[in-house]
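Student: okay, predicted coordinates and the sequence, questions at the end:
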Amino acid sequence: MRVAFASDHAGLTLKTSLVAAVRELGHEPVDLGPESGASVDYPDFAKKLCAEVVAARVDCGVLVCGTGIGMSMTANKVKGIRAALCHTEFEARMTRAHNDANVLCLGERVVGSGVARGIVEAFLSSKFEGGRHAARVAKIE
């Protein structure tokens, strides 16, 4: 899988560790920035990642900021994006299975790196179930 990553300054450390973790899992991470801890605006990076997902240049995306809230709010404004803020592996599995989420949002100040890695692994290994969920997802669009 090609997995896009982006963050703001408050999510940079977690994003960097998750890029490495996804590479270890055999996926191809695409790091869309930022590259330093200088203050940046999270909407700019969320929109950049969402454009890659919508254009199908990546299979899915992971956005990280301090809480994950700003990233998820911004991402969900983009047509074709179904972003989910997750704090547990269960939420990550369910949002893929039932909501066909294509962007995972995380908060560096909320979840530790070990928990975040488990959440990302659950997100990437889960598939949309379709069936009765497909009609519900269609209503989102």
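Tutor: On my side now, so go ahead. Numbers count the residues shown, from 1 in each chain.
Student: where do the helices sit along the chain?
Tutor: Here the chain has its helices, by DSSP state H, at 12-24, 42-54, 69-75, 89-99, 113-125, 132-140.
Student: could you say what helices and strands the last one packs with?
Tutor: Translated: helix 132-140. helix 89-99 (3 or more CB pairs under 8 Å, 6 or more residues apart in numbering; DSSP states H and E). Where you see a C-beta, it was placed from the backbone N, CA and C, and this is true even at glycine.
Student: what is the mean pLDDT for the helix it packs on?
Tutor: Here helix 89-99 scores 98 as its mean pLDDT.
Student: and it, what does it pack onto?
Tutor: Checked by 3+ CB pairs under 8 Å, 6+ apart, helix 89-99 has strand 83-85, helix 113-125, helix 132-140 packed alongside it.
Student: nearest to Ser17, of those?
Tutor: Comparison of the helices and strands packed on helix 89-99 against Ser17 by CB to CB identifies helix 113-125 as nearest, at 5.1 Å.
Student: picking that back up, what about the helices of the chain, which gets the closest to Cys105?
Tutor: The nearest among the helices of the chain, by CB to CB, is helix 69-75 at 4.0 Å.
Student: is His27 in contact with Phe5, as I believe?
Tutor: No. Assessed by CB atoms under 8 Å, His27 is found out of contact with Phe5, at 10.7 Å.
Student: compare these two (neighbour count), which wins?
Tutor: Phe5 (25 against 17; other CB atoms under 10 Å).
Student: isn't that one right next to Lys15, touching?
Tutor: Yes. If you go by CB under 8 Å, Phe5 and Lys15 touch, sitting 5.3 Å apart.
Student: where do the contact lists of the two overlap?
Tutor: Asp31, Val62, Val64 (CB atoms under 8 Å, 6 or more residues apart in numbering).
Student: list the contacts for the second one?
Tutor: Contacts for Val62 (CB under 8 Å, 6+ apart) come out as 3-6, 15, 18, 22, 103-106, 120, 123.
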